[in-house]
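Novice: fold the stuff below for me.
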Amino acid sequence: QVQLVESGGELVQSGGSLRLSCTASGRNLGRYAMGWFRQAPGTEREFVASINWRGTGTSYRDSVKGRFTISRDNSRNTCDLQMNNLLPEDTAVYYCAFREGMWTETLAGVESEYDYWGQGTPVTVSS
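Specialist: Prediction:
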């Protein structure tokens, strides 16, 4: 079993920045990919970003490219999402996700490919 805990979500003004962090814990984590998804009120959960085990492969949804950066520190089992130039449409609950096994860009944004999920951290961007 894997546990994921997110932190860093808060209220921020449009144009501001936030850094979300996710910590994974559990026995024998092995090699795993990580992802961030978000869900705004009244909408479906959507893919935001993903990163492979080595940190050499990343994928982003188009609307966050150039503004968000995903990174990871395997020594601490953490995955961060640096979010810059935030917009009101970025308002959502952000979820960390864990995928066992290999990462492929093709499947990076597929929600069903992830095995474990965090509880989410809310981000509100005011205009």
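Novice: surely S59 meets L107?
Specialist: No: S59 lies out of contact with L107 (C-beta atoms under 8 Å); the separation is 9.4 Å. Using the backbone N, CA and C atoms, a C-beta is placed for each residue, glycine as well.
Novice: who's more crowded, the two?
Specialist: Per other C-beta atoms under 10 Å, whichever of S59 and L107 has more neighbours is S59, with 21 against 15.
Novice: tell me the contacts of that one?
Specialist: S59 makes contact with 49-51, 105, 108-109, according to C-beta atoms under 8 Å, 6 or more residues apart in numbering.
Novice: out of those, who has the most neighbours?
Specialist: Result: S50 is most packed of these (other C-beta under 10 Å), 28 neighbours.
Novice: quick check: beta-bridge partners of that one?
Specialist: Going by DSSP bridges, S50 is paired in beta bridges with G35, S59.
Novice: can you tell me how far the residue nearest the centre of the chain is from E89?
Specialist: What sits nearest the mean C-alpha location of the chain, by C-alpha atoms, centre = their mean, is W36, with 2.0 Å. Distance, W36 to E89, by C-beta to C-beta, to the nearest Å: 16 Å.
Novice: and E100, by the same measure?
Specialist: In terms of C-beta to C-beta, E100 sits 32 Å off from E89.
Novice: the more surrounded of the two?
Specialist: E100 (14 against 11).
Novice: ok, back up a step: spit out the contact partners of the residue nearest to the centre of the chain.
Specialist: When contacts are counted by C-beta under 8 Å, 6+ apart, W36 touches 20, 22, 48-50, 70, 79, 81, 94-97.
Novice: let me have those residues in a markdown table, extended by secondary structure and distance to V5.
Specialist: Shown next, in a markdown table, are those (DSSP: H, G, I helix; E, B strand; the rest coil; distance: C-beta to C-beta, whole Å):
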| residue | secondary structure | distance to V5 |
| --- | --- | --- |
| L20 | strand | 11 |
| C22 | strand | 7 |
| V48 | strand | 18 |
| A49 | strand | 18 |
| S50 | strand | 18 |
| I70 | strand | 17 |
| C79 | strand | 11 |
| L81 | strand | 14 |
| Y94 | strand | 13 |
| Y95 | strand | 11 |
| C96 | strand | 8 |
| A97 | strand | 13 |
